[in-house]
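A.B. asks: sequence-free structure coming up:
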């Protein structure tokens, strides 16, 4: 019942936006050269999907997910090591704080020099950029284990490895998931920007080319797809989160 | 030759009567502050010992020394005749803050299981033991509740079940019922006495509640504060099993309560 209500509210919001969009283009308040009407954008989307837009979107989504998963894996392992080990934390945290604020797009030239104009280059940039939110969240998750639980595990005679696996990791899961959600957004942004800069096949390049040839409807078709990618991936992550953190719900 | 045999014989007979827990002239400074001064007492095997004292008397420190979480620089802390060098599985600890001592992401079954997993009990044997332990502490119908779904009393029962899963010889309890309401506290006191007398464990129970100490203990170690030191060790000659009504009205209970009451008050001054 609540789900139905939420869906109804969400659809109403979407309807209002579409109505305003339609009104603005219909009255000529904004020229259709810049803002196409909603039906023109949808038609462009249909046309694009019938041609190669789907393949391009697929290329982008695959790179984004590959980079994001690679980053998540590295971030969780590295974050666990740093979070659990005070020496590692003291040695590496200043370095991490130096690298972290660097805009990931600034390493694109380095990535191009190393990997050339290849999908592997895009992958490396996406992975590098989306590493940080998950890494920092994982470090926090592992180092914030309740001190009492450290004592409990000592009294129970839990081995170091069991402690990491049975107490450290579950304790970090909420932080890790929050970090991964942030990382996913970063991964999508970087996948698009890097494609645009390096001229790789994908949704980003499709949007860029549409812009250069003043095909406003095609730009908006691409934007709609981008929005859907973000929306769907976030919904999936939210469902995973709810399942893994059901002990919190009560 | 004769002398040596005699010495060995003394040691051997000494081992037979080795107390379960023995503090001998324990001094402890923490952060430049003297926390314990010359603390000595011992608990015979199978006895229920309570440590009481006002705040600042080092009650919890005594328990942490017995648990092996702290090491005494001077004097000795022995458990089962062995000097304490760190925590061990045969000494279980029930903490006051059950909310932090339980794993929030595991249900009651999983929390008890942790103790068995740590002890390397094979999976096939765990199920029966966990269900039996949870039934023993009255959680037989709540096998799959998470701590966040349980009352304070239930969470503390769960922590006790996890400690029993260790099959300890010694049970250390740090104000375990301090955060619970009066009714729950009395119920748990009686259940604890029943559990302990069934198992033959030695208990060291820290509390700031004088009546609780007298009700539960065979021996009460009363500490004085600043620095923490033993004021007196009292044997409680009350009949077992204890009863919430009769025991608390017993003339000996009232006499001991009067004797120790002033001690607890002085510490606050």
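C.D. replies: Yes, it's here. Here the structure is a predicted model, which means the values were calculated and not measured.

A.B. asks: State the next helix or strand along the chain beyond the longest helix anywhere in chain A.
C.D. replies: The single longest helix within chain A, with elements called by DSSP state H, is helix A:53-84. Using DSSP states H and E, the helix or strand that directly follows helix A:53-84 along the chain is helix A:86-99.

A.B. asks: For that following helix, what is the distance to the chain centroid?
C.D. replies: 25 Å (CA atoms, centre = their mean, to the nearest Å).

A.B. asks: Ok, stretch A:133-146 next?
C.D. replies: Centroid separation between stretch A:133-146 and its chain, computed with CA atoms, centre = their mean, is 19 Å.

A.B. asks: returning to that earlier point: tell me which strands and helices the longest helix of chain A is in contact with?
C.D. replies: Judged by 3 or more CB pairs under 8 Å, 6 or more residues apart in numbering or on different chains; DSSP states H and E, the packing partners of helix A:53-84 are helix A:86-99, helix A:119-143, helix A:169-198, helix A:203-212, helix A:216-244. Glycine gets a C-beta too; all of them are placed from N, C-alpha and C.

A.B. asks: Next, the angle from that helix to helix A:86-99.
C.D. replies: Orientation of helix A:53-84 against helix A:86-99 (axes from the mean of the first three to the mean of the last three CA atoms, to 10 degrees) gives an angle of 140 degrees.

A.B. asks: List the residue ranges of the chain that fall below the pLDDT cut-off.
C.D. replies: The chain I'm using is chain A. Applying pLDDT under 70 to chain A flags the ranges A:249-250.

A.B. asks: I was after chain B.
C.D. replies: With pLDDT under 70 as the threshold, chain B has low-confidence stretches at B:1-17, B:266-269.

A.B. asks: Quick check: residues of it near chain A?
C.D. replies: By CB under 8 Å from any CB of the partner chain, the residues of chain B that approach chain A are B:67, B:69, B:86-89, B:91-93, B:95, B:97, B:100-101, B:103-107, B:114-115, B:117-119, B:146, B:148-149, B:162, B:166.

A.B. asks: Narrow those residues to those in strands?
C.D. replies: Here DSSP state E is the test, and the residues of chain B next to chain A give B:91-93 as lying in strands.

A.B. asks: Most neighbours among the residues you listed, which one is it?
C.D. replies: residue B:93 (28 neighbours; other CB atoms under 10 Å in any protein chain shown).

A.B. asks: Could you count how many residues lie near residue 52?
C.D. replies: Going with chain A. Other residues near residue A:52 come to 13 when the count uses other CB under 10 Å.

A.B. asks: You answered for a different chain; I wanted chain B.
C.D. replies: Neighbour tally, residue B:52, other CB under 10 Å: 26.

A.B. asks: can you check residue A:243 too?
C.D. replies: 8.

A.B. asks: With the one 3 residues further on instead?
C.D. replies: When neighbours are defined as other CB under 10 Å, residue A:246 has 11 of them.

A.B. asks: now do residue B:81
C.D. replies: The burial count for residue B:81: 12, using other CB under 10 Å.

A.B. asks: Tell me who's in contact with residue 61.
C.D. replies: No chain specified, so I'll use chain A. By CB atoms under 8 Å, 6 or more residues apart in numbering or on different chains, the contact list for residue A:61 reads residue A:229.

A.B. asks: my bad, chain B
C.D. replies: The contact partners of residue B:61, by CB under 8 Å, 6+ apart, come to B:28, B:30, B:35-36, B:70, B:228.

A.B. asks: give me that answer again for 6 Å
C.D. replies: By CB atoms under 6 Å, 6 or more residues apart in numbering or on different chains, residue B:61 lies in contact with B:35-36.

A.B. asks: mind checking how far it is from residue B:37?
C.D. replies: 11 Å (CB to CB, to the nearest Å).

A.B. asks: How about residue B:261?
C.D. replies: Residue B:261 sits at a distance of 23 Å from residue B:37 (criterion: CB to CB).

A.B. asks: One more: residue A:222?
C.D. replies: For residue A:222 relative to residue B:37 (CB to CB), the value is 77 Å.

A.B. asks: So these two - more neighbours on which side?
C.D. replies: residue A:222 (28 against 19).

A.B. asks: Could you pull out the buried residues of stretch A:220-239?
C.D. replies: A:220-222, A:225-226, A:229, A:233 (16 or more other CB atoms under 10 Å in any protein chain shown).

A.B. asks: Show residues contacting that stretch.
C.D. replies: Contacts for stretch A:220-239 (CB under 6 Å, 6+ apart): A:36, A:41, A:44-45, A:48, A:57, A:181, A:184, A:203, A:206-207.

A.B. asks: and if we set it to 7 Å?
C.D. replies: Contacts to stretch A:220-239, defined as CB atoms under 7 Å, 6 or more residues apart in numbering or on different chains, come from residues A:36, A:41, A:44-45, A:48, A:57, A:61, A:180-181, A:184, A:188, A:203, A:206-207, A:210.

A.B. asks: and residue B:28, that one's in a strand?
C.D. replies: Yes - looking at residue B:28 with DSSP: H, G, I helix; E, B strand; the rest coil, it is inside a strand.

A.B. asks: beta partners of it?
C.D. replies: Beta-bridge partners for residue B:28, by DSSP bridges, are residue B:36.

A.B. asks: mind listing what residue A:174 touches?
C.D. replies: Applying CB under 7 Å, 6+ apart, one finds that residue A:174 lies in contact with residue A:245.
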